[in-house]
Structure formats: C-alpha cells, structure tokens
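Undergrad: Quick one: sequence and predicted model below, then my questions.
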Amino acid sequence: MKRLFLALLLLAACRQEAAIPDPVALTPESVGYFCQMNILDHGGPKAQVHLDTFPGRPLFFSQISDAAAYLRMPERDGQIVATYVTDMGAADWNAPDRAPWVEASKATYVVGSDRLGGMDQPELIPFADPAKASTFAAQHGGMVQTLDQILATAPTKTQDAAAPDDDADFAARLSRAKESN
C-alpha cells in the first residue's frame, strides 16, 4: 500500500505544469514578429506570446490583432505557454514600454473602435478592467468581447477593414471581370 501511495505521489509531482513565465519588458531591441519593426516606434496596445521552445524570449506583436492572428495559426514553432497584452486602461497610448501587462485570457477587449493601432490599422484594445473597456467602447465605439469570443470568430469588418463584405461583393467583382473580357 505504501508503494502505491508513493507511486501516486511521484506521478502527481511529475504532472505538475511548468511555471508560467512572467511578461518581458519592451526594450529598444523588441521587434514585431510579423513586421520586424521596432515595437517602441509604434504607439497603442502590444502583445507577447511565450513558446516552450524559446524560454524567456517571447514573440512580440505590434498590434493585438497580429497576436490574435498568430494564436489562430495552426503551425507554430512551439507550444504556447503564456500570452500577455498591454492593459490600455492603465497605459499611455504613446508609451508602450511603460504599459502594464495582463494575461491575454483575463483581459477584456474592445473590437471595432475608432482608435487605430500602432500600424494605423483597426485594433483590438485590451483592458484588465471590464468597466474601463465599457467606458472606452462608449467613447470610441466598438463592442466589448473576451479573447475566446475574438478567437472563435472569423475576421469581420470590425476586425479587418480590408476584408470583402460578403457574397454580394464577390458577385459584383465577378460581374465587372466578365464585362472587361
């Protein structure tokens, strides 16, 4: 009986998950994963994704929408162990290096506001405090969503201003193409 108990205890100890890494501060060497541009050259919210294959060296994103796209990608260079976003309820839009970080899954986001992100594109604006997200949405438009809601939906016009409207848009483009032939 003692051996069984000891074996179960050891098994439980082996199953303990690795500690979640802390967020890493932005520095002049921090570059966006997709754009390869210096993060500090662009205002607005930022994100960092930690992979098990690069401990202590997160992938930085110039916009939260870029990080959401990465999280949706089926192929990655490792398992995601943590994702952080800047808390824009406690941050200066133009000083991303001083913004506090919050776990992406615990943040509340404003989707479709009139505020553009660091790359002058529509942006997902994260807040640690849902009340601040609601206040921001009342002032700047948009809707309040969780990360799960954002990741569960395909990009929409509020998330991707360049996306075609729908089937009607496709039909109109097809008709113009036929007329030009």
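TA: Noted; the coordinates are in hand.
Undergrad: Point out where the chain drops to low pLDDT.
TA: Regions of the chain meeting the criterion pLDDT under 70 cover residues 1-18, 154-181.
Undergrad: rerun that using 90 as the cut-off
TA: Along the chain, the parts satisfying pLDDT under 90 run over 1-19, 35, 42, 56, 74-77, 96, 117-121, 152-181.
Undergrad: And the helices in it?
TA: 2-15, 64-72, 130-140, 147-152, 167-180 (DSSP state H).
Undergrad: ok, and the closest non-adjacent residue to residue 96?
TA: residue 46 (5.0 Å; CB to CB, 6 or more residues apart in numbering). C-betas here are computed from N, CA, C, even on glycine.
Undergrad: Now for that neighbour: which residues touch it?
TA: 26, 39, 60-64, 85-86, 96, 99, 118 (CB atoms under 8 Å, 6 or more residues apart in numbering).
Undergrad: try it again with 6 Å
TA: Going by CB atoms under 6 Å, 6 or more residues apart in numbering, residue 46 touches 39, 86, 96.
Undergrad: of all the residues you listed, which comes closest to residue 105?
TA: Comparing the contacts of residue 46 against residue 105 with CB to CB places residue 86 closest, at 14.7 Å.
Undergrad: got the contact list for that closest one?
TA: Counted by CB under 6 Å, 6+ apart, residue 86 has contacts 45-46, 99.
Undergrad: what about the residue nearest to residue 86 when sequence neighbours are not counted, how many neighbours?
TA: Leaving aside its sequence neighbours, residue 86 sits nearest to residue 99 (CB to CB, 6+ apart; 3.8 Å). If you count neighbours by other CB atoms under 10 Å, residue 99 ends up with 22.
Undergrad: hang on, the earlier thing: of the contacts of residue 86, closest to residue 31?
TA: After measuring these against residue 31 - CB to CB - the closest member comes out as residue 46, at 11.5 Å.
Undergrad: Relative to residue 112, how far out is the closest one?
TA: Using CB to CB, to the nearest Å, one gets 19 Å for the distance from residue 46 to residue 112.
Undergrad: and residue 51, how many neighbours?
TA: Neighbour count for residue 51, taken as other CB under 10 Å: 17.
Undergrad: Please name the nearest non-neighbouring residue to it.
TA: In space, residue 51 is closest to residue 78, 3.6 Å off (CB to CB, 6+ apart).
Undergrad: so what's residue 86 bridging to?
TA: When bridges are called by DSSP bridges, residue 86 pairs up with residue 101.
Undergrad: Residue 107 is in contact with residue 87, isn't it?
TA: No - the pair residue 107 / residue 87 is not scored as a contact, 7.1 Å apart, by CB atoms under 6 Å.
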